[in-house]
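[1] got a sequence here, can you build the structure:
(one chain, ligands or ions: 3)
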Amino acid sequence: MNWIDISRPLAPGAPTWPGDTPFHYEVSWPKSESGSVNVGKLTMSLHTGTHVDAPYHFDDDGNKILDLPIEIYIGPAIVLDVSGKQSVGAADLDGIDLTGVERLLLRTGSWPDPGRFPSDICYLRSDLAPFLAEQGIRLIGVDVPSVDPLDSKELPAHHSLHACHIHILEGLLLDHVEPGQYELIALPLPLVQADGSPVRAVLRRLAQGNE
Ligand SMILES: N[C@@H](CC(=O)c1ccccc1NC=O)C(=O)O
Ligand SMILES: [Zn+2]
Ligand SMILES: [Zn+2]
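    Numbers count the residues shown, from 1 in each chain. Ligands and ions are numbered 1, 2, ... in the order given. Predicted coordinates:
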C-alpha cells in the first residue's frame, strides 16, 4: 500500500536530450483492423524520463542492461535533500549517517520545469563515488537527466561511480517526496543489448524509529 510514484510520465513532448529521439506511441494495429485488439508501438530514447544507465552507455566494454543485477533496484533507500547546491561531493554529505544504506536518492530540485529539458543541473563531483562506496552504497539516484554536467563529454561522475560499482538511476521525480527512509522498486526492462532502460520507479515509506 501507499506506493509513491517517482517516475516521469512518458508522453508525446516528454523532454529528451537535445537532438535525441522523440517519444512516440501509436496504435499500429487498431482493433478495427485486427478484429480483436489494439496493438501499440513505441519509439523513444532509452535516456528519456526515469531510467537506468548501463555501463555500456559510457564504456564500450561495459555491461548491458540485462547483465545488471536486479537486486540493486529493489530494497531500502534513503531520500536526501540537497537542493540549492550547484554540485554534490563527499564534503556535502559529511556528517550524514549512511550506515547500512545501499541506495541513495538525491533530491536536487534542479529540474524546475518537468515539461522542458533543464539547462543547468546539480551534478555529482567525482570524489563522491569513492566516499559512497566506502559507506556501502550500491545505487545512486538523481532527479535530473544526468549525474554529470549536461555539457560534459568526459562524464567523470558516470565513470567514477562505475569504477566504484555504484549503479546509476536518473530522471527521478522527487519534488513530492519527503526526505527519509523508503523501500524502492525501479526495475529496468529485460533489454538484452541495451545501454539504458526506462523504469517505473516507486517508493514506500519505511517505519521510522520515532514514528
Ligand atoms: N551521458 C548522459 C546522456 C547523454 O550524454 C546523452 C543521452 C542521450 C542522447 C545524447 C546524449 N549526449 C550527447 O552528447 C547521461 O546518461 O547522463
Ligand atoms: Zn541516462
Ligand atoms: Zn547518465
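[2] just to confirm, which residue in this protein is farthest away from the center?
    G35 (39.3 Å; Cα atoms, centre = their mean).
[3] okay, and for the chain, where does confidence drop off?
    1, 209-211 (pLDDT under 70).
[4] identify the bridge partners of the spatially closest residue to P149 that is not a sequence neighbour.
    Excluding its sequence neighbours, the residue lying closest to P149 (Cβ to Cβ, 6 or more residues apart in numbering) is Y123, at 4.8 Å. Glycine gets a C-beta too; all of them are placed from N, C-alpha and C. Using DSSP bridges, the beta-bridge partners of Y123 come out as S87.
[5] do the same with D53
    I168, G196.
[6] residues touching it, list them.
    For D53, the contact set (Cβ atoms under 8 Å, 6 or more residues apart in numbering) comprises 47, 158, 168, 170, 195-196.
[7] how close does it sit to L10?
    Distance, D53 to L10, by Cβ to Cβ, to the nearest Å: 17 Å.
[8] with K41 instead?
    14 Å.
[9] over to P69?
    25 Å.
[10] ok, those two, which is more surrounded?
    Shown here are P69 and L10; by other Cβ atoms under 10 Å, L10 has more neighbours (15 against 9).
[11] and the residue in the chain positioned nearest to ligand 2, what element?
    Proximity to ligand 2, evaluated over the chain using Cβ to the ion, is greatest for H47 at 3.8 Å. Using DSSP states H and E, H47 falls within no helix or strand.
[12] that one and L93, how far apart?
    26 Å.
[13] now swap in V144 and tell me
    Distance from V144 to L93, by Cβ to Cβ: 17 Å.
[14] neighbour-wise, which of the two wins?
    A count of neighbours by other Cβ under 10 Å puts V144 above the other of V144 and L93, at 22 against 19.
[15] residues in contact with that one?
    108, 110-111, 118, 121-123, 170-171.
[16] how about the strands in the protein?
    Ranges of strands within the chain are 4-5, 24-29, 39-43, 51-53, 74-81, 87-88, 103-107, 123-124, 139-142, 167-170, 180-188, 196-205, based on DSSP state E.
[17] pairing partners for the third one, with directions?
    The reference is to strand 39-43. strand 24-29 (antiparallel).
[18] mind listing residues that contact the strand it pairs with?
    With Cβ under 8 Å, 6+ apart, strand 24-29 has contacts from 10-12, 37-44.
[19] one more time with 7 Å
    Residues from elsewhere that reach strand 24-29 (Cβ atoms under 7 Å, 6 or more residues apart in numbering): 12, 38-43.
[20] mind picking the two most distant members of those residues?
    P12 and V39 (18.5 Å; Cβ to Cβ).
[21] those two - which one has more neighbours?
    V39 (13 against 9).
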